[in-house]
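Visitor: predicted model and sequence below, questions to follow.
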Amino acid sequence: ATDDPVVTQADRSPQNWPTNGRTYDEQHYSPLSQINKDTIGRLKLAWFSDFDTNRGQEGTPLVVDGILYATTNWSKVRAYDAATGRLLWSYDPEVPGASAVRGCCDTVNRGAAYWNGKIFVGTFDNRLVALDAKTGRKVWDVQTIPKDSWLGDIRSYVTDGAPRVAKGVVMIGNGGAEFGARGFISGFDAETGALKWRFFTTPNRANQPDHAASDTPLTTMAYQSWGPNGAWTHSGGGGTVWDAIVYDPRTDLVYVGVGNGSPWNYKQRSDGVGDNLFLGSIVAIRPETGEYVWHFQETPQDQWDYTSTQPIMTTDLEIGGRMRHVLLHAPKNGFFYILDAKTGQFLSAKPYVPVNWARSVDPLTGRPDIVPDALYSVTGKPWAGLPGDLGGHNFAAMSYSARTGLVYIPAQQIPMMYVPDPQPLKQKGLNLGISMQGLPDDPAVRDGFIKTLKGWLIAWDPKQQKEIFRVDHGGPWNGGLLATGGDLVFQGLANGVFHAYDATNGADLFRFNAQSGIIAPPISYQVNGRQYIAVEAGWGGIYPLLLGRTALSSGWTVNHSRLLVFALDGTARLPAQNDKGFLPVQPPSHVDTRQAGAGYELYENFCQACHGDNAQSGGVLPDLRWSGALRDRTAFYNVVGRGALTAYGMTRFDDILPRRDIEAIRQFLIKRAQDTYPREVAARSNPQGIPQGHAITE
Ligand SMILES: O=C(O)c1cc(C(=O)O)c2c(n1)C(=O)C(=O)c1cc(C(=O)O)[nH]c1-2
Ligand SMILES: [Ca+2]
């Protein structure tokens, strides 16, 4: 079917939430208003459902005619009676645990798509699966990565974004640009799974046609913007399409948010020359053919992981006395962009968070005036960037309310020290061309860094391109946003508290202790005349995995993954919580300090990205200091070398790390356990047994 009114006319059915942003404009706005400023005092938990994966939950649930579809970590899908929470079916694509290491950022999933009685989900191992929405039975599945896109192990692909469907075509991209990847988006027939088109976002290294929709723009325009001999010719250049794919029925265009360069190091990637199209760009293509229509590059010469994959929305705005149909975008690079939706014409850009990599954006061309020192790979000198690699805004959905005229942005500040280190591309693991050293374990340094970590809900007036108000959060990495016809804005936070704010002034009107950090966006729907608010709780994603304990600066949180659903006069209650997390265990007494020293660097290179800087867990994956496997050299080798825990997502390293390196990592972990055990125990000597205050981040 080339039409499904459930999706294409979603604006006529406010009880539903049938596509990622509810309607094709992706405003994450629900017109429902039963829950409003007057009734908010009666908002209570109506039902909840525990998930079977305690890792980051980033899914936007869908609701179609009283059935709620949620996707969870490891690309699983669950269908519920949306009024009662009764589980109707669940689907597990059985993603191999060993594929976790192919992704930069937790085995998350950001949601499903609905079309003509089917649910579509992308799996972490890159399948696109169509399920019967009634029964959960698989209708078809296809592998979305063509074999020739891999280049040995130098390239990596994972799929964690939500597919989108327009005109009977299901569109999906993938992640992987932190390893090596050549980005693309593919369109499949929703009924059969047949590939209709593919659009690559970076050129073919021989500048030959790929026999893909992207051939002409790549060979005639993009190829010329790359240094012909850079490392991109092996890595693929990056430009992965890991999140935003937005169809606009008004223009009949699909807006594709394109990711960062691979490796990050621009000197290494492209000899330090060229803008490297289509990195850091929005590209507009046709849904039926993938044909190129326009592009706008937000970040030329990317070397900061400044992806343009962040959620995109469309709306009508009066600008300069004239109504315009526009795109609104707050990419990682810190500027809020307004583009003409039909032509891609640049209209304006203003910083929505502190920015130091560019002085400004040219008001006519939209080109950033890049600060010379920010080109760290060219200068060869370290650069402290604002925003950092995690962006002024990441995957968390923003929302727009036409009633207030405001865009609500889940914004943040996480500075990044970019230290160039153009090593040859590795066969496994991150290939950034920068140093992966974390912070020293010095409380003063850590405290200084933590003071720079910030999170805000920013209410932004796109007409004036300025902030109207903000809500200060304890720290970054908070959930996405929902605005409603009740003039409320809902957001879950990193510290596990779910809030409703007054959409006109940010007053905090509702708080609920969700027992786990929230990074997903809420939705709203209605069944039998009752309005509900639903959100997935589950702390994770890249921030706590990579930064470890430092990521808990908003407050101590442990992962309890579940779906929470609220309504007026709800009567459900969460069970008593266990907030203790991974408890310190007396470490082995013997350590080889020389080996432990060598182990630090190995740990930061191979283990840190999931288990946290300096071996302190961020509350999601096991804290390795207290692992039982530390006590025995062979047991540890079986886990790290031979893959005893691959089913849980822990890969095997014996293909790249010799035994002595793995043993050095073990010694480093024992040393870290010995050094930190006393302070970890002390931090828990309080009635709750939960680390308090300074100890959370020390
Ligand atoms: O370049 C890429 O291919 C890529 C992929 C992904 C991903 O697949 O989730 C992320 C990023 N980059 C990224 O830069 C980033 O900050 C990020 C955060 C997250 C997350 O889910 O927590 N994923 C990703
Ligand atoms: Ca990236």
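Guide: Nice, I can see it. Ligands and ions are numbered 1, 2, ... in the order given.
Visitor: show me what from the stretch 201-350 of the chain comes close to ligand 2.
Guide: 260, 305 (Cβ under 5 Å from the ion). No exception for glycine: its C-beta is placed from N, CA and C like everyone else's.
Visitor: nearest to ligand 1: which residue in the stretch 201-350 of the chain?
Guide: T240 (3.5 Å; Cβ to the nearest ligand atom).
Visitor: identify the residues contacting that residue.
Guide: 173-177, 181, 183, 201, 258-260, 309 (Cβ atoms under 8 Å, 6 or more residues apart in numbering).
Visitor: highest neighbour count among those?
Guide: A177 (37 neighbours; other Cβ atoms under 10 Å).
Visitor: quick one on the thing from earlier: and the contacts of T240 as a markdown table, adding pLDDT and secondary structure?
Guide: Putting the contacts of T240 into a markdown table (pLDDT from 0 to 100; DSSP: H, G, I helix; E, B strand; the rest coil) gives the following:
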| residue | pLDDT | secondary structure |
| --- | --- | --- |
| G173 | 98 | coil |
| N174 | 98 | coil |
| G175 | 98 | strand |
| G176 | 97 | coil |
| A177 | 97 | coil |
| A181 | 97 | coil |
| G183 | 98 | coil |
| T201 | 98 | coil |
| V258 | 98 | coil |
| G259 | 98 | coil |
| N260 | 98 | coil |
| T309 | 98 | coil |
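Visitor: for the closest residue to G480 other than its chain neighbours, list the residues it contacts.
Guide: Nearest-residue entry for G480: P521, 2.6 Å, with adjacent residues in sequence omitted and distances by Cβ to Cβ, 6 or more residues apart in numbering. Taking Cβ under 8 Å, 6+ apart, we find P521 in contact with 28, 60, 396-397, 399, 479-482, 535.
Visitor: which of those fall within strands?
Guide: Members of the contacts of P521 lying in strands (criterion: DSSP state E): 399, 481-482, 535.
Visitor: quick revisit: and the residue of the stretch 201-350 of the chain closest to ligand 1, its phi and psi?
Guide: phi -70, psi 150 (degrees, to the nearest 10).
Visitor: likewise for S149?
Guide: Main-chain torsions, S149, degrees, to the nearest 10: phi -80, psi -20.
Visitor: can you check R127 too?
Guide: phi -90, psi 150.
Visitor: save the ones in strands among the contacts of P521 as a markdown table, and put in neighbour count and pLDDT too.
Guide: Formatted as a markdown table, the ones in strands among the contacts of P521 follow (neighbours: other Cβ atoms under 10 Å; pLDDT from 0 to 100):
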| residue | neighbour count | pLDDT |
| --- | --- | --- |
| S399 | 29 | 98 |
| L481 | 26 | 98 |
| L482 | 28 | 98 |
| V535 | 29 | 98 |
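Visitor: now, which of those residues sits nearest P687?
Guide: Distance to P687 across those (Cβ to Cβ) is lowest for V535, with 29.8 Å.
Visitor: low-confidence ranges in the protein?
Guide: 693-698 (pLDDT under 70).
Visitor: up against ligand 2, what does it have?
Guide: Taking Cβ under 5 Å from the ion as the contact definition, the chain meets ligand 2 at 177, 260, 305.
Visitor: that older thread, mind putting the ones in strands among the contacts of P521 in CSV, distance to R367 included?
Guide: Listed next are the ones in strands among the contacts of P521 as CSV, based on distance: Cβ to Cβ, whole Å:
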residue, distance to R367
S399, 29
L481, 30
L482, 34
V535, 38
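Visitor: okay if I get those residues as CSV plus distance to ligand 1?
Guide: Below are the ones in strands among the contacts of P521 laid out as CSV (distance: Cβ to the nearest ligand atom, whole Å):
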residue, distance to ligand 1
S399, 19
L481, 16
L482, 19
V535, 16
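Visitor: now for those residues: which two are most distant?
Guide: Top of the distance list for the ones in strands among the contacts of P521 (Cβ to Cβ): S399 and V535, 13.0 Å.
Visitor: check contacts around the residue of the stretch 101-250 of the chain found nearest ligand 1.
Guide: The minimum distance from the stretch 101-250 of the chain to ligand 1, using Cβ to the nearest ligand atom, falls at G175 (2.3 Å). By Cβ under 8 Å, 6+ apart, the residues touching G175 are 103-105, 157-161, 181, 240, 242, 259.
Visitor: and Y600, by the same measure?
Guide: Applying Cβ under 8 Å, 6+ apart, we find Y600 in contact with F668.
Visitor: assign it to helix, strand or coil.
Guide: Using DSSP: H, G, I helix; E, B strand; the rest coil, the structure places Y600 in helix.
Visitor: and the gap between it and F606?
Guide: 11 Å (Cβ to Cβ, to the nearest Å).
Visitor: quick check: buried residues in the one helix or strand A130 maps to?
Guide: According to DSSP states H and E, A130 maps onto strand 127-132. By 16 or more other Cβ atoms under 10 Å, the buried positions in strand 127-132 come out as 127-131.
Visitor: can you check stretch 650-665 too?
Guide: 650-653, 657, 661-665.
Visitor: quickly name whichever of the residues of the chain next to ligand 2 is closest to Y677.
Guide: Among the residues of the chain next to ligand 2, D305 lies closest to Y677 (Cβ to Cβ), at 34.7 Å.
Visitor: for that closest one, list the residues it contacts.
Guide: Contacts of D305 by Cβ under 8 Å, 6+ apart are 178, 260, 264, 332, 389-391.
Visitor: burial measure for K147, as a count.
Guide: 6.
Visitor: just L509 next, same as before
Guide: Neighbour count of L509, defined by other Cβ under 10 Å: 16.
Visitor: doesn't V489 make contact with it?
Guide: No. The criterion here is Cβ atoms under 8 Å, and L509 misses it with V489 at 9.6 Å.
Visitor: which neighbours do the two share?
Guide: 500-502.
Visitor: which one (most neighbours) among those?
Guide: Most surrounded of the shared contacts of L509 and V489: other Cβ under 10 Å gives A500, at 26 neighbours.
Visitor: leaving out chain neighbours, which residue sits closest to that residue?
Guide: F510 (3.7 Å).
Visitor: next one: I656
Guide: With Cβ to Cβ, 6+ apart, the residue lying closest to I656 is K428, at 5.1 Å.
Visitor: and the residue positioned nearest the centre of the chain, what does it touch?
Guide: Taking Cα atoms, centre = their mean, the centroid of the chain lies closest to F395, which sits 4.1 Å from it. Going by Cβ under 8 Å, 6+ apart, F395 touches 58, 110, 243, 309-311, 480, 541.
Visitor: how near is it to I518?
Guide: On the measure of Cβ to Cβ, F395 and I518 end up 13 Å apart.
Visitor: cool, G193 as well?
Guide: G193 is 34 Å from I518, by Cβ to Cβ.
Visitor: those two - which one has more neighbours?
Guide: Legend: neighbour count by other Cβ under 10 Å for G193 and I518, higher for I518 (30 against 17).
Visitor: from what I can see the more buried one touches F512, true?
Guide: No. At 10.1 Å, I518 does not count as touching F512 under the criterion of Cβ under 8 Å.
Visitor: ok but W74 is inside a helix, no?
Guide: Yes. Checked against three-state DSSP, W74 lies within a helix.
Visitor: quick one: it and S99 touch, right?
Guide: No. If you go by Cβ under 8 Å, W74 and S99 don't touch, sitting 9.6 Å apart.
Visitor: what's the overlap in contacts for the two?
Guide: With Cβ under 8 Å, 6+ apart, W74 and S99 have common neighbours 107, 124.
Visitor: one step back: who touches both of I518 and F512?
Guide: Common neighbours of I518 and F512 (Cβ under 8 Å, 6+ apart) are F498.
Visitor: list the buried ones in the helix or strand A673 falls within?
Guide: For A673, the host element (DSSP H and E) is helix 659-683. By 16+ other Cβ under 10 Å, the buried positions in helix 659-683 come out as 661-677, 680, 683.
Visitor: could you find the closest non-adjacent residue to the residue in the stretch 501-650 of the chain that ligand 1 sits nearest to?
Guide: When you check the stretch 501-650 of the chain against ligand 1 by Cβ to the nearest ligand atom, the closest residue turns out to be G541, at 2.7 Å. Sequence neighbours aside, G56 is the residue nearest to G541 in space, at 4.4 Å (criterion: Cβ to Cβ, 6+ apart).
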